[in-house]
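**Q** Below is the sequence, then the predicted model.
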Amino acid sequence: MPDLYHWAQLFRATTWEEILMLAEKNENIKECIVTLKELTEDEKIQLECEARERSRLDYLAATRYGYKQGHEEGRAVEREQGIYNLVSTLKDLNIPDADIIDKLVEKYELTSEEAAKHLDKFSKIS
């Protein structure tokens with residue numbers, strides 16, 4: 001009966017200290033605890049490896065996202081600079097606004113309204 005009692009205490013134990021005290025009293029429990037400790041450590045190592053891998057994949061995803069966002073923003077800035085340069089150059093050549101709008105529509109695939117807004121915005125800067 002004491003053996004069964006020790007096993008029951010093992011399953012009720014909440015700390016490693018309690019478990020280790022039971023191991024001192026019963027050799028079978030001691031073997032069980034050694035195996036349990038090994039399995040727990042293996043699981044911890046596996047969880048740590050999985051966490052590292054998740055972290056690495058998250059970093060790569062964030063890097064790709066950041067690169068994509070930066071690339072898109074860079075293209076938008078480059079496009080805006082190109083529109084500004086075209087408007088500025090054509091204004092300096094005294095090209096009529098209607099022709100500048102047509103050129104913006106053609107070159108940058110803008111609607112006439114979008115081209116007019118750019119012309120207005122960049123005419124104020126020049």
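**A** Looks like it arrived, so ask away.
**Q** What residues of the helix or strand hosting residue 120 count as buried?
**A** Element membership for residue 120 (DSSP states H and E) is helix 112-125. By 16 or more other Cβ atoms under 10 Å, the buried positions in helix 112-125 come out as 115, 116, 118, 119, 122. For the C-beta atoms, the positions are set from N, CA and C on the backbone; glycine is no exception.
**Q** From residue 48, how far off is residue 41?
**A** Separation of residue 41 from residue 48 (Cβ to Cβ, to the nearest Å): 10 Å.
**Q** hey, what's in contact with both of the two?
**A** The overlap between the contact sets of residue 41 and residue 48 (Cβ atoms under 8 Å, 6 or more residues apart in numbering) is empty.
**Q** isn't residue 97 right up against residue 118?
**A** No. At 11.2 Å, residue 97 does not count as touching residue 118 under the criterion of Cβ atoms under 8 Å.
**Q** Against residue 65, how distant is residue 6?
**A** Using Cβ to Cβ, residue 6 is found at 56 Å from residue 65.
**Q** The two: which is more packed in?
**A** Higher neighbour count among residue 6 and residue 65: residue 6, with 15 against 10, using other Cβ atoms under 10 Å.
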